[in-house]
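Engineer: Let me see the structure of the following:
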Amino acid sequence: MKPKLFLQTVSIMISLIAIFTHQCFAQNTGESKIIDFEGHFVKSSINGKSYQLCVTVPYEYNMTKDKMYPVLYQLDGIYSFPIIHSTKGILESQGEIEPVITVAIADSILSPVVFMSSRYYDFMPINDKKQDSILSTQSGLPKEIVVSGGSDEFIATLENDLIPFIDRLYRTNGDNGLAGHSAGGLFTAYCLFKKPLLFERYAINSPALQWKNDFLLDLADEFFITKKKLNKKKVLISIAENDSPDIRRTYFDFKNLIEKKQHGSDISFIEFPNESHNSVIPGSISKTLTILYGKDL
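Structural biologist: Numbers count the residues shown, from 1 in each chain. The predicted model follows:
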């Protein structure tokens, strides 16, 4: 999708999620909530940015007192929250997935400009000034706010601020998962190899692995040489049949690398037929839940 059209699409999504979050973040005013989830604002001690977390607990959560639950952190909450919230509800109510707390992460300001610039900084490892300039031109965003290379700061934000915040407020068991699409998929893959102990489950959907001359593939290869195995990790890696050529090329290079060096690991590969880079999002979120948290039926 072209950057300017993507900004228009995000504007529509912001309007939709604002309807949901208005009630969520006004929960202490006595108003009834439209949808049953909880919202929080958390400021990063690392990059100074504020994030909003939309949290959905399992149906049984308030009926249990001592039970602890795994947590799935879903990136790009500005559009992924409504999808994962409703999909989890259906799957959980039918017993197809284990009870799991989901946390959709978004920026504190629901704005297309903030969304584009913030996710670009958070999700794209290693600064690439050439790509920064190209995106600025294509999207019409000011050059000074289109800056890549903040992924290490966002990983530290997750580790030091967001995850501890959720652990303090909810009954979590330390089994954390991370899911992302496109740039978020790249970040999820980066997290897997850069900070492998932070999460136990990963959903790497339509990842932009072509970033910075396919550097992520080199990072993965180096990881396999030095650490050998993705011990006890459950991983989903997916693409759409009609994803971009670069995403498809690097996906299959990534798949071949993993299959060559990770025999026996719990890694699933999925290609969604007849889907594009954007239309695949609902399906990839559904598979994220059923592959990472599915029950044997």
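
Engineer: can you pull out the helices in this structure?
Structural biologist: 3-25, 77-93, 112-123, 129-139, 151-157, 163-169, 183-194, 211-226, 245-261, 281-293 (DSSP state H).

Engineer: Worst mean pLDDT among those helices?
Structural biologist: Lowest mean pLDDT of the helices of the chain: helix 3-25, a mean of 47.

Engineer: Around the residue lying closest to residue 281 once chain neighbours are set aside, count how many other residues there are.
Structural biologist: In space, and not counting its chain neighbours, residue 281 is closest to residue 181: 5.8 Å by Cβ to Cβ, 6 or more residues apart in numbering. Where you see a C-beta, it was placed from the backbone N, CA and C, and this is true even at glycine. For residue 181, the neighbour count with other Cβ atoms under 10 Å is 27.

Engineer: Quick one: closest of the helices of the chain to residue 204.
Structural biologist: Proximity to residue 204 (Cβ to Cβ) singles out helix 183-194 among the helices of the chain, at 4.8 Å.

Engineer: buried residues in stretch 197-215?
Structural biologist: 199-212, 215 (16 or more other Cβ atoms under 10 Å).

Engineer: show me the contacts for residue 256.
Structural biologist: Under the criterion of Cβ atoms under 8 Å, 6 or more residues apart in numbering, residue 256 has no neighbours.

Engineer: one step back: across the sheet, point out what pairs with the residue nearest to residue 281.
Structural biologist: residue 205 (DSSP bridges).

Engineer: Give me the distance between it and residue 41.
Structural biologist: 24 Å (Cβ to Cβ, to the nearest Å).

Engineer: Ignoring the adjacent residues along the chain, who's closest to residue 216?
Structural biologist: residue 209 (4.9 Å).

Engineer: I meant to write residue 279 there.
Structural biologist: residue 240 (7.2 Å).

Engineer: and the one you found, what pLDDT?
Structural biologist: 98.

Engineer: Now for it, how many residues are close by?
Structural biologist: 25.

Engineer: Quick check: it touching residue 206?
Structural biologist: Yes: judged on Cβ atoms under 8 Å, residue 240 makes contact with residue 206 at a distance of 6.0 Å.

Engineer: if we can go back for a sec, most packed of the helices of the chain?
Structural biologist: helix 183-194 (a mean of 24; mean count of other Cβ atoms under 10 Å).

Engineer: same for it, what does it pack against?
Structural biologist: helix 112-123, helix 151-157, strand 172-181, strand 201-205, helix 211-226 (3 or more Cβ pairs under 8 Å, 6 or more residues apart in numbering; DSSP states H and E).

Engineer: Switch those over to a markdown table; also include distance to residue 286.
Structural biologist: Converted to a markdown table, those look like this (distance: least, Cβ to Cβ, whole Å):
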| stretch | distance to residue 286 |
| --- | --- |
| helix 112-123 | 22 |
| helix 151-157 | 25 |
| strand 172-181 | 11 |
| strand 201-205 | 11 |
| helix 211-226 | 25 |
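
Engineer: Report the contact partners of residue 45.
Structural biologist: 157, 160, 161.

Engineer: redo that, cut-off 7 Å
Structural biologist: When the contact criterion is Cβ atoms under 7 Å, 6 or more residues apart in numbering, the partners of residue 45 are 160, 161.

Engineer: what's across from the residue lying closest to residue 248 once chain neighbours are set aside in the sheet?
Structural biologist: Closest residue to residue 248 apart from its sequence neighbours, by Cβ to Cβ, 6+ apart: residue 239 at 6.0 Å. Beta bridges link residue 239 to residue 271 when assigned by DSSP bridges.
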